[in-house]
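A.B. asks: Task: produce atomic coordinates for the following.
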Amino acid sequence: MLWAGLALSLISACSHTSQVHLSAGTANYSHYPDGGGLFVSAAFAPDGRLWRVVPEKHHVYVDVSGDLGKSFSPPILINNESQQIKVSGENRPGIVVDRSGHIYVIYAAESTQPAAIFYSMSKDNGQSFSTPMPLSDKAADANTFQGRFGVDRTGKIYAFWHDERNRTDWRQSGNAIYYTSIDGNSGLSAPAQKLSDTLCDCCRIATAFDKDNQAVLFTRFIYPVGIRDHGILRTQANGKEPLTWRVTFDEWTIEGCPEHGPAISISDDSRYHIAWFTQGKVRQGLFYAYSDDEGRHFSKPLAFGELKNLPSHPDIMAQGKRVILAWTEFDGSQTQLFVMASTDGGETWLPPKPIAKHSADADFPFLLSNRQGVFVSWNSRTEGYQLVPLP
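C.D. replies: Next comes the predicted model:
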């Protein structure tokens, strides 16, 4: 009976003909029309509920949990019109809830171009969502994909994405980063603005906001002679040109797609914490480092994860002096989820701990927090969704 009242409101709010057949469910996807999806995203709302966006082949759904991921409401359809949804670990849908309870969703789908990012909003606590619209003002002319939300220190919502509008020589790799802000009442509040070129085509963007409330992006760039290392990009106030500089020097030269985006978190004391993957000449595996001068210089890279077990796809969260890393490893038969914690701002680390496992395909782990604590959001299409609490 937990979702009975919500189920009625969701059904009445959505015109999709199969909506009446959708029911509440547990953490698996047996109640989804096509069995759910692997690459889901989740976010806590200010009231502590967990909202989740789930892509299927032709449709995208949102549901909500009031018991930390044990059960979920009936899925509500975002796109009434069938679309060819474009999704992967790096090109995943996104969801965020602002301080007023407005819910924002982005996802990639085939359109007039092979890939376009769409956005949709709910102003009524998830009972209904607006008709999805292209996020980019040039979506009809250029591919857009790998969107990522960012929330600044005032609660304002931003979206960042890969954009091909400036590519003139397709023999050269590298995309541009564009961004815009989204308002819960008026929608897109500004035309898309360009931040940088030469972004690695297939690695997602990591975002944070600094003490001056400027966006700080940590992402993989393509440097001369095809080196795919990481750099930081920071916006500036008053419309000044963004600043960008290289921060990892692993010398990874590859004519291909690493498909392995990094992670960043900025703590209240302005220490930058980063985590990334590389297969460079200098080092290989997962690494962590911190900076006390706004990303200009970083500590010596610290390796983590068991290299023989293919450690991958790290996420990081810093809350004061507490810093948490999460990642996965594969031992040949199962994928394990690991976490490692520091209580002194990344100076020293406790031993890594395995906290969950999947025997089938597993998604990337993502760290989430609310007033109840810190959690790892981790999904398997066949074995279900897990929201793992951390001590």
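A.B. asks: where does residue 308 fall, phi/psi-wise?
C.D. replies: The phi/psi pair for residue 308 (degrees, to the nearest 10) reads phi -70, psi -20.
A.B. asks: how close does it get to residue 71?
C.D. replies: Using C-beta to C-beta, to the nearest Å, we find residue 308 at a distance of 38 Å from residue 71. For glycine as for every other residue, the C-beta is placed from the backbone atoms N, C-alpha and C.
A.B. asks: hang on, residue 329 packs against residue 335?
C.D. replies: Yes: with contact defined as C-beta atoms under 8 Å, residue 329 reaches residue 335; the gap is 7.2 Å.
A.B. asks: Any buried residues in stretch 322-332, and which?
C.D. replies: Residues 322, 323, 324, 325, 326, 327, 328, 329 are the ones in stretch 322-332 that count as buried (16 or more other C-beta atoms under 10 Å).
A.B. asks: quick one: contacts of that stretch?
C.D. replies: Contacts to stretch 322-332, defined as C-beta atoms under 8 Å, 6 or more residues apart in numbering, come from residues 265, 267, 273, 275, 286, 288, 304-306, 309-318, 335-343, 345-346, 362, 364-367, 374, 376, 390.
A.B. asks: Among these, which are located in strands?
C.D. replies: The members of those that map onto strands under DSSP state E are 265, 273, 275, 286, 288, 304, 312-318, 335-342, 366-367, 374, 376.
A.B. asks: rewinding a little: out of the contacts of stretch 322-332, which are buried?
C.D. replies: Buried by 16+ other C-beta under 10 Å: 265, 267, 273, 275, 286, 288, 304-305, 311-318, 335-342, 345-346, 362, 364-367, 374, 376, 390, out of these.
A.B. asks: Now do the contacts for the closest residue to residue 84 other than its chain neighbours.
C.D. replies: Residue nearest to residue 84 in three dimensions, not counting chain neighbours: residue 110, with 3.9 Å by C-beta to C-beta, 6 or more residues apart in numbering. Contacts for residue 110 (C-beta under 8 Å, 6+ apart) come out as 83, 84, 86, 116.
A.B. asks: I'd like to know which of the residues you listed is nearest to residue 201.
C.D. replies: Residue 201 lies nearest to residue 86 out of the contacts of residue 110, by C-beta to C-beta, at 14.0 Å.
A.B. asks: do you know how far the spatially closest residue to residue 138 that is not a sequence neighbour is from residue 115?
C.D. replies: Nearest residue to residue 138, sequence neighbours excluded (C-beta to C-beta, 6+ apart): residue 165, at 4.7 Å. Note on residue 165: its distance to residue 115, by C-beta to C-beta, is 13 Å.
A.B. asks: OK, contacts around residue 211?
C.D. replies: So residue 211 contacts 266, 270 (C-beta under 8 Å, 6+ apart).
A.B. asks: what about the residue nearest to residue 84, distance to residue 117?
C.D. replies: To residue 117, residue 110 is 12 Å away according to C-beta to C-beta.
A.B. asks: Over to residue 239?
C.D. replies: Distance from residue 239 to residue 117, by C-beta to C-beta: 24 Å.
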